[in-house]
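# What shape does this take:
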Amino acid sequence: MENALLIGLSRQTALERQLDVIANNIANVNTTGFKADGSLFEEYLNTPAHEDNFVGRDRHVSFVQDRGTYRNMTQGPVEGTGNPLDVAIDGSGFLAVQTSGGERYTRDGSLHIDNTGQLVTSNGNPVLGATGPIVFQATDHDINITPDGTVTVVEGANRTDSTRGKLRLVSFTDAQKLLKQGSNLYAAGEGGAPQPDTKSTVRQGFIEKSNVNSVAEMSLMMEVSRAYTSIANLMNQQAELQKTAIQQLADVPA
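Alright, predicted model coming up:
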């Protein structure tokens with residue numbers, strides 16, 4: 001196959017994967033605390049099909065390679081909900097939660113109390129405090145969450161203030177190395193061990209919305225689609241040229 005077709009195919013493969021990333025961003029435009037992903041590309045140099053036909057820089061064939069994705073960790077817009085259990089994190093911190101696969105981390109502060117009295121995420125994962133899961137009693141009311149994450153309640157009818165725990169906020173040396181686990185959860189991966197986050201604060205009655213810019217993502221999707229189509233047309237033209245050349249070379253006068 002001609003080098004031009006191989007180069008075009010490498011670009012189409014990279015564009016297809018980029019389209020998957022964009023589609024995932026758009027699908028999560030309304031996911032609380034979601035962080036958008038972007039694609040990273042690099043030039044991949046390979047030796048040409050014919051080693052001795054060219055000299056210097058012309059001896060290299062330059063392909064396109066998508067080497068990975070990066071995560072946009074900027075904070076999304078904050079929206080008030082009026083729910084005293086909802087929290088938005090101001091800063092780079094994460095909530096620590098307990099899952100069947102172990103400890104995980106999330107920016108999704110849409111919380112509620114399950115039927116056992118535990119504070120859980122929208123997916124039912126217990127939210128961890130400094131000493132373990134945060135558990136409420138049936139008589140608790142007037143829940144208050146301070147900026148440092150301390151959860152207090154008014155207990156019973158005698159108006160006794162009680163502390164039910166303190167939200168465990170953690171941060172990472174390199175949040176780009178966190179591993180997405182689905183359901184808006186992250187695993188530490190190579191991001192290093194979670195460290196207590198004393199700089200981030202929480203806002204009660206708010207949630208952090210997705211930081212996906214839907215207009216920009218839709219525009220990028222159209223741009224990628226046009227590029228894919230343009231390369232497909234170029235590859236078709238190259239194939240037609242090759243076909244014509246073979247036909248003409250085969251038409252040798254007797």
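
# Next, Leu241: secondary structure please.
Here Leu241 is recorded as helix under DSSP: H, G, I helix; E, B strand; the rest coil.

# Return the distance of it relative to Leu249.
12 Å (C-beta to C-beta, to the nearest Å). Just so you know, the C-beta spots here come from the backbone N, C-alpha and C atoms, and that holds for glycine as well.

# who's more crowded, those two?
Leu241 (12 against 8; other C-beta atoms under 10 Å).

# Provide a list of residues in contact with Gly76.
If you count contacts by C-beta atoms under 8 Å, 6 or more residues apart in numbering, Gly76 has them with 33-35, 208-211.

# Next: Asn144.
84, 151-153, 204.

# what do you get if the cut-off is 7 Å, keeping everything else the same?
Thr152 (C-beta atoms under 7 Å, 6 or more residues apart in numbering).

# what's the answer for the one 3 residues further on, then?
Under the criterion of C-beta under 7 Å, 6+ apart, the contact partners of Pro147 comprise 201-202.

# now do 10 Å
87, 90, 200-204 (C-beta atoms under 10 Å, 6 or more residues apart in numbering).

# Repeat that for Glu208.
Residues near Glu208 by C-beta under 10 Å, 6+ apart: 32-35, 75-79, 86-90, 107-110.

# still on that earlier bit, neighbour count and distance to Ile143 added to the contacts of Pro147, as JSON lines?
Shown next, in JSON lines, are those (neighbours: other C-beta atoms under 10 Å; distance: C-beta to C-beta, whole Å):
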{"residue": "Val87", "neighbour count": "28", "distance to Ile143": "11"}
{"residue": "Asp90", "neighbour count": "16", "distance to Ile143": "20"}
{"residue": "Ser200", "neighbour count": "17", "distance to Ile143": "20"}
{"residue": "Thr201", "neighbour count": "17", "distance to Ile143": "17"}
{"residue": "Val202", "neighbour count": "23", "distance to Ile143": "13"}
{"residue": "Arg203", "neighbour count": "17", "distance to Ile143": "14"}
{"residue": "Gln204", "neighbour count": "19", "distance to Ile143": "9"}
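
# Now Gly102. Nearest residue, chain neighbours left out?
Once flanking residues are discounted, Gly102 sits nearest to Ala187: 7.8 Å by C-beta to C-beta, 6 or more residues apart in numbering.

# Quick check: phi and psi at the one you found.
phi -110, psi 150 (degrees, to the nearest 10).

# Tell me the spatial nearest neighbour of Arg11, not counting adjacent residues.
The spatially closest residue to Arg11, leaving aside those adjacent along the chain, is Val64, at 4.5 Å (C-beta to C-beta, 6+ apart).

# Name the SS class of the one you found, please.
In three-state terms, and counting by three-state DSSP, Val64 is strand.

# Let me know the pLDDT of it.
The model reports Val64 with a pLDDT of 71.

# how much space between the closest residue to Thr173 other than its chain neighbours and Gly91?
Counting by C-beta to C-beta, 6+ apart, the nearest residue to Thr173 once its immediate chain neighbours are dropped is Gly192, at 4.3 Å. The gap separating Gly192 from Gly91 is 17 Å, by C-beta to C-beta.
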